[in-house]
Structure formats: structure tokens, C-alpha cells
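S.K.: turn this into a structure:
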Amino acid sequence: MTYNTDPDAAEYEARRLQALADYQILDTPEASAFDDLVEVLSLICEAPIAIVNFIDRDRQWFKSVKGLAVRETPRDISICAHAILQRGLFIIPDTTLDPRFASNPLVTGDPHLRFYAGALLESRDGYPLGTLCVLDYRPRELSERQRFALQALANQVMAHMELMYAHREQVELISELEATRNELAKLATTDPLTGLLNRRAFEQRLDQEVSLIKRGAPPAALMLIDLDHFKTVNDTLGHKAGDEVIVRFTELCREAFRQADVIGRWGGDEFMVMLPRSSVVEAWHAAERLHQLLAITPMRDNDTPACFSTASIGVCSLNGSGNMEECLHRTDELLYRAKELGRNRTVCESEGTPSPP
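M.R.: Next comes the predicted model:
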């Protein structure tokens, strides 16, 4: 077979191949839906060979085949490659009498094909993808009823492919919608600067923990943290520097607290930490780790002199004795007490006295 080198023909062929690729049918496993259509066509047309095939760049590939033991042949000896060049049914009553096929190795040699009839498989936008065809070892014709069946079954092949196409599009759309939903959910629950839970999301998680504790789960601890004199950073260095300090503080919090602990940005320079299955004493030790990290970690890169921050912290117990609002109020009072005592310290509910600075 001689390929057309005309630029317009080459562009058309590229679009045709893209249309074929869009169906994602090539090199897929055998499927009963196609095999059943091939069996029915073979019976109706009384043909030993029936094939659903697609014309790729250099080959014809069989999605379903009855009567042959191969899944593909080179395109340059394909009869179907000629069939896709014209509309309607393509019928060769005797291949030995057709100059296009008389010397074809599939005609002159095994399997000695003498008869061909194929119906186009066309994409939704009119590109020929391949054929549904029948072949025989003897010259013959198809009856009108058989011709009608060949075209009708070819339509069914494309209808099934369109369903497969639509199903893939639906799966992709559902996946995109799910990704969008997850992203929106993340945006709705996450502080954009730090990636921590925002206030609303933290309150929901805290409310869940309080409910669990009231139903018998182990007590937890709640911690409210305020960066000392943060307003001065914004006023003297600017809000960009303030954002850098907030981000660095977030990193230290992730280092100081356990993976199971829930950290949220309460607002501005205030942070909440809920420590499941933790006592106030255990929470105090975690707060001390944070104090120690703050003491040795510059809050901004390349500052001379280095910029350090401190924090005031209030810690209370979540033991199921009150509701979420009461817990938040107690923690806020403890934080206020830490500020009154000079900042850079932790005040815990159980002791009511400050920790060492």
C-alpha cells in the first residue's frame, strides 16, 4: 500500500489517528460485548471470519476476531485500510480479480482470502477508525439482509465504544469534581498562610473530642498560645516579616507537638493545640519543648541581629466536665494569667501557678 504524502492528507491522517487514540481502544483486552457482535455477524453472513478492527499508524489491530489466530497485521497488507478510504460498505466479491488485492500476500498465501465485506466504524466527528468486516475463503456476495446486518452491527460497535468513551469521561469528571470538592473543603478548613486548621475547623475537631470524652474516651489537654509582642514585629518590620514569623512558629509547633496533636491558628498571633489522651502535666512538657525551641531558633532568616520570639501559653484539661465554650474560656483565662505574670511562660489549670520562664 502506498501512503499519501500530500500535506493535507497527512494532517487529516494525524487527526484521524488522534480520534482513534481518544477512544483508548487499541491494545485493550478482549471483551465479550465485541466478541458477541462478531459471533452474530459470522452467523448472519455465514462467514468463517469476522473481525472488529482498527487502523493504526502502521498496523491494523483486532479488538475482536473470529476465524483467525492473530490480533494484528501490518497496515500495508490490510484490506480494511482501503475500506476506511470510502463511505458505505466496502465489498470485494473476489479479491483475485481486484488489482488492489490480487497480489496481496493474504490472498496469494495463507489464509488465501477471496472475499471481503466491511462496514466503517466512524468517530462521532466523522473520522474512519476501522471496520467491522467478514471474510471468506471463496468468492461470494452478501444478500441485502446480510448487508443490512453488517451495517447495523457496525453501528452497535460504535454505540458501545461511545458508551465506553462517555463512561471514561464520567469517571474523569467525577474524579475532577472530587478533587475540587476536597480542595474546597481544604480551603474551608485550612489557614492559607500556615496550612493549619482554621478557627472554625479547630472548633469542630475540639467539639468532637469533648463529645468523645463525655462518652468515655480518655481526657485530653487544651492549649492556647499567644506570640509575645507580635504587634511590634508587624509595626517595625512590616506584615511580610510578620508572616515569616508566623510560618516559622508553625514549623516549631509541628516539631514540638506530636503528630496526633491538633494544631490550629486561632487568629492573628494566637494558636490552639488540642492534645488527645494527654494530661495537663504532659501538655506542660510539650509547652516547655516549644519554649526551648523558641529560645534557640531565629524567627527570620538573614536577620542581624537574629530575631527571636517568646510565647505565653495557657493549658487546661478536657475531662468532660464542661462544654467546648467553657473549655475555651478557661484556657483563655489561663493565657491572660501568663501574660500578667510577665509573658514567656506557661500557666496550667491544675497548678494555677506559672511554669519557669
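S.K.: next, the buried residues of the helix or strand of the chain with the lowest mean pLDDT.
M.R.: In the chain, no helix or strand scores lower on mean pLDDT, DSSP states H and E than helix 230-237, which sits at a mean of 88. Within helix 230-237, the residues scored as buried using 16 or more other CB atoms under 10 Å are 230, 233-234. The C-beta positions use only the backbone N, C-alpha and C, and glycine is treated the same way.
S.K.: elements contacting it?
M.R.: Under the contact criterion of 3 or more CB pairs under 8 Å, 6 or more residues apart in numbering; DSSP states H and E, helix 230-237 touches helix 239-256.
S.K.: which other residues reach the helix or strand just after the helix it packs on?
M.R.: Toward the C-terminus, helix 239-256 is succeeded by strand 262-267 as the next helix or strand (DSSP states H and E). Contacts to strand 262-267, defined as CB atoms under 8 Å, 6 or more residues apart in numbering, come from residues 191, 193-194, 196-199, 201-202, 205-206, 209, 224, 246, 250, 253-254, 257, 271-276.
S.K.: mind listing what's buried along strand 262-267?
M.R.: Result for strand 262-267 [16+ other CB under 10 Å]: buried residues 262-266.
S.K.: angle of that strand against helix 239-256?
M.R.: Here the directions of strand 262-267 and helix 239-256 differ by 160 degrees (axes from the mean of the first three to the mean of the last three CA atoms, to 10 degrees).
S.K.: doesn't Glu11 fall inside a helix?
M.R.: Yes. Under DSSP: H, G, I helix; E, B strand; the rest coil, Glu11 sits within a helix.
S.K.: look up how far Leu17 lies from it.
M.R.: Taking CB to CB, to the nearest Å as the measure, Glu11 falls 11 Å from Leu17.
S.K.: which of these two has more neighbours?
M.R.: Comparing Glu11 with Leu17 by other CB atoms under 10 Å, the one with more neighbours is Leu17, at 15 against 10.
S.K.: and the strands in this protein?
M.R.: 49-55, 59-66, 72-74, 90-92, 115-122, 128-136, 220-227, 262-267, 270-275, 311-318, 346-348 (DSSP state E).
S.K.: any regions of the chain where pLDDT drops low?
M.R.: For the chain, the stretches with pLDDT under 70 are 1-7, 304, 350-357.
S.K.: nearest residue to Met161 other than its sequence neighbours?
M.R.: Leaving aside its chain neighbours, Met161 sits nearest to Tyr23 (5.6 Å; criterion: CB to CB, 6 or more residues apart in numbering).
S.K.: just give me the neighbour total for Glu30.
M.R.: Based on other CB under 10 Å, the number of other residues close to Glu30 is 11.
S.K.: that one against Val52, yeah?
M.R.: No. Between Glu30 and Val52 there is no contact under CB atoms under 8 Å: 10.3 Å.
S.K.: list of residues touching the least confident helix or strand of the chain?
M.R.: For helix 230-237, using CB under 8 Å, 6+ apart, the contacting residues are 241-242, 245, 268-269, 307, 309.
S.K.: what's the angle from that helix to helix 239-256?
M.R.: Using the same axes, to 10 degrees: helix 230-237 against helix 239-256 is 140 degrees.
S.K.: pull the contacting residues for Cys253.
M.R.: Contacts of Cys253 by CB under 8 Å, 6+ apart are 225, 263, 271, 273, 290.
S.K.: circling back to that earlier point, now the buried members of the contacts of strand 262-267.
M.R.: The neighbour count (16+ other CB under 10 Å) marks 191, 194, 196-198, 201-202, 205-206, 209, 224, 246, 250, 253, 257, 271-276 as buried among the contacts of strand 262-267.
S.K.: neighbours of Cys316, how many?
M.R.: 26.
S.K.: against Leu206, how distant is it?
M.R.: Between Cys316 and Leu206 the distance is 12 Å, computed by CB to CB.
S.K.: try Tyr336
M.R.: Tyr336 sits 19 Å away from Leu206, going by CB to CB.
S.K.: again, but for Ala119
M.R.: Ala119 is 67 Å from Leu206, by CB to CB.
S.K.: same question for Pro128.
M.R.: 63 Å.
S.K.: I'm done for today, thanks for sticking with me.
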